[in-house]
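Trainee: Pasting the sequence and the predicted coordinates here, then a few questions.
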Amino acid sequence: MKSRKWYNYLWIWAIIYFALGFFNILFAWLGLIDFLLPLGFAVFGGNKLFCNSFCGRGQLFNILGTKLRLSRNKTTPRSLSSKWFRYGFLIFFLTMFGNMIFQTYLVAGEAQNLKQAVKLFWTFSVPWKCTYTPELLPENLNWIVQFSYGFYSLMLTSTLIGLIVMVLYKPRSWCTFCPMGTMTQGICKLKKEYKIK
C-alpha cells in the first residue's frame, strides 16, 4: 500500500478555512494562501505542483466524489476543458475579483459604506451572518473587513461551482477549468517557451 504524505491531508484545510470564516470573517484573508502559492510554484518552479499535490479543495472534491460516492462519475464534457471556456471563465473570474478589489478601494476611500454580506454566485446573500465584531478594527480599516467579505464570497462561490460539477461529472471536474489552474498553466507555458528561446 502506498504510504500517505502529509500533503494528502490538506483537504482538511479547505474545511477549516470555511469554518473559520463562518466564525470570524477576517479569517477569509487566509484564503490568499491558495491564491499566492500556486502562482509562486508556477513562477519560481515552472510547474503545477500545487495543483497536482497541495490543492486541498481538489482533494476534498476527490474524497467526496470517490470515497463518499457523491459523484455520478460521468465524463466531464470537453467544452468545460476547452481553451475558450477555460480562458473565458478566467476572464470572468478576474473581472469579479477586480470588482471585489474596487469595492474594497471604495470602502478604504470612504466613498462607500462597509457591506457586511457574503454573496453566492456574486448575487445572492447567504442566509446567515458571518461573525464580525466592529470593535476589532478601527473604522478607518473597514476596507480590511470589506476585502474579507468579498474574498470569502469568491472562495465559497468557486467551491460551490466545484461541488456542482463534482456531483454531475467526475470528482475533480472543477480542476479542468479552475482559474488558478488556467493561470498557472499559462505561466508554466510562458516559462518553458522563454527557456527554449
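Mentor: In hand now; what should we look at?

Trainee: What does the closest residue to Leu64 other than its chain neighbours show for phi and psi?
Mentor: If you skip the residues right next to it in sequence, Leu64 has Leu70 as its closest partner in space, 4.9 Å away by Cβ to Cβ, 6 or more residues apart in numbering. Bear in mind the C-beta positions are built from the backbone N, C-alpha and C, glycine included. The phi and psi torsions at Leu70 (degrees, to the nearest 10) take the values phi -90, psi 0.

Trainee: do Cys178 as well
Mentor: phi -60, psi 130.

Trainee: and it, how many neighbours?
Mentor: A total of 25 residues lie near Cys178 under the criterion other Cβ atoms under 10 Å.

Trainee: which ones are touching it?
Mentor: With contact taken as Cβ atoms under 8 Å, 6 or more residues apart in numbering, Cys178 is in contact with Cys51, Gly58, Ser158, Gly162.

Trainee: So which residues of the chain form strands?
Mentor: 119-120, 124-125 (DSSP state E).

Trainee: Go through the ones you listed and pick out the most buried.
Mentor: Here the criterion is mean neighbour count by mean count of other Cβ atoms under 10 Å, and of those the winner is strand 119-120, at a mean of 16.

Trainee: Just checking: what are the partner strands of that strand?
Mentor: Using DSSP bridges, the strands paired with strand 119-120 in its sheet are strand 124-125 (antiparallel).

Trainee: Any stretches of the protein with poor pLDDT?
Mentor: 1-2, 129-130, 196-197 (pLDDT under 70).

Trainee: Tell me which residue lies nearest the centroid of it.
Mentor: In the chain, the C-alpha closest to the average C-alpha coordinate belongs to Met155, at a distance of 4.3 Å (Cα atoms, centre = their mean).

Trainee: That one and Ile161: what is the separation?
Mentor: Distance from Met155 to Ile161, counting by Cβ to Cβ, to the nearest Å: 11 Å.

Trainee: now swap in Trp84 and tell me
Mentor: In this view, Trp84 and Ile161 are 18 Å apart by Cβ to Cβ.

Trainee: Let me know whether Leu39 touches Met183 as I believe.
Mentor: Yes. Look at Leu39 against Met183 with Cβ atoms under 8 Å: they come within range, at 6.8 Å.

Trainee: which residues do the two both contact?
Mentor: Taking Cβ under 8 Å, 6+ apart as the criterion, Leu39 and Met183 do not both touch any residue.

Trainee: Between the two, tell me which one has more neighbours.
Mentor: A direct count of neighbours by other Cβ under 10 Å for Leu39 and Met183 places Met183 higher, at 17 against 14.

Trainee: Out of the strands of the chain, which is closest to Ile16?
Mentor: When the strands of the chain are ranked by distance to Ile16, counting by Cβ to Cβ, first place goes to strand 119-120 at 20.2 Å.
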